[in-house]
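[1] Need a 3D model of the following:
(one chain, ligands or ions: 1)
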Amino acid sequence: MGEHPAYISRDGRGKVKLEYSCNGEQLVRLWENRGDNTLETLFDSSGSILMQRVAELKKEELDSKVSETISAEKITKTVELEYMPILLDRPCPKCGAQFIPRYAEVFASREEVPIMPLYWCKECRTTSYRLTDSYLEYLVENNWALFDGMEKKELEADRDKFMSELKSYIIRIFASKKIMCIK
Ligand SMILES: [Zn+2]
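    Model (predicted):
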């Protein structure tokens with residue numbers, strides 16, 4: 001707590017990035033404003049997405065949202081940095097190029113945000129996705145209404161089994177759409 005400073009950077013066009021450590025883990029929280037809404041994404045240090053959500057938040061409300069997070073995370077010192085895009089530190093599953101930008105970052109004009117974290121390789125121009133266990137947990141917890149009673153029972157009986165079956169199911173769906181998984 002308060003040992004390391006947090007880093008704030010702004011691209012001047014509605015993106016604010018906050019890099020900080022939480023329980024020894026390095027996290028990056030990014031707010032991207034688009035009109036009345038803001039996409040908030042939480043990344044780990046490799047650029048993998050842990051959570052993403054769209055909130056009703058205007059550009060002029062961004063600074064107070066960032067301040068709120070700073071106090072909630074008990075950050076005592078912040079340093080301003082130049083804005084750099086967040087790149088995934090994993091090889092592209094098709095061509096092996098490292099540091100792939102997020103799909104939403106490349107196609108910033110798109111209104112809708114893909115539910116699955118997608119990435120877009122500039123080298124071979126393919127879209128791929130990365131599903132971390134944390135993101136899968138996040139999806140399940142935030143889409144509880146989509147699961148029926150039977151599925152909820154299965155989840156309660158054996159959470160690990162349920163999650164791993166769900167993961168294989170998602171992987172099969174994406175494979176059928178020829179969208180590769182980033183390991
Ligand atoms: Zn590639």
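[2] Could you pull up the residues touching the nearest residue to residue 46 once chain neighbours are set aside?
    Nearest non-adjacent residue to residue 46, counting by CB to CB, 6 or more residues apart in numbering: residue 89, 4.6 Å away. C-betas here are computed from N, CA, C, even on glycine. Contact partners of residue 89, counting by CB atoms under 8 Å, 6 or more residues apart in numbering, are 46, 47, 98, 99.
[3] Filter those residues down to the buried ones.
    Buried members of those, scored by 16 or more other CB atoms under 10 Å, are 47, 99.
[4] ok, the contacts of residue 89 vs the ion, which is closest?
    The ion lies nearest to residue 98 out of the contacts of residue 89, by CB to the ion, at 9.6 Å.
[5] In three-state terms, label the closest one for me.
    What DSSP: H, G, I helix; E, B strand; the rest coil gives for residue 98 is coil.
[6] shouldn't it be in contact with residue 119?
    No. Look at residue 98 against residue 119 with CB atoms under 8 Å: they stay out of range, at 11.6 Å.
[7] now the helices: where do they sit in this protein?
    Assigned by DSSP state H, the helices in the chain fall at 62-72, 103-106, 133-142, 149-157, 159-176.
[8] Name the residues that touch the first one?
    When you say that, I think you mean helix 62-72. 6, 8, 14, 16, 18, 29, 31, 33, 38, 57, 78.
[9] who in the protein is up against the ion?
    Proximity of the chain to the ion, by CB under 5 Å from the ion, involves residues 92, 94, 95, 97, 121, 123, 124.
[10] Among the residues you listed, the buried ones, what's the ChimeraX command?
    Buried residues within these, by 16+ other CB under 10 Å, are selected in ChimeraX with:
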select :92,121
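[11] Okay, and which of the residues of the chain next to the ion map to strands?
    With DSSP state E as the criterion, strands contain none of the residues of the chain next to the ion.
[12] Rebuild the residues of the chain next to the ion as TSV, extending it with pLDDT and distance to residue 25.
    TSV is the format used below for those (pLDDT from 0 to 100; distance: CB to CB, whole Å):
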residue	pLDDT	distance to residue 25
92	95	25
94	95	30
95	96	30
97	94	27
121	93	27
123	94	30
124	95	31
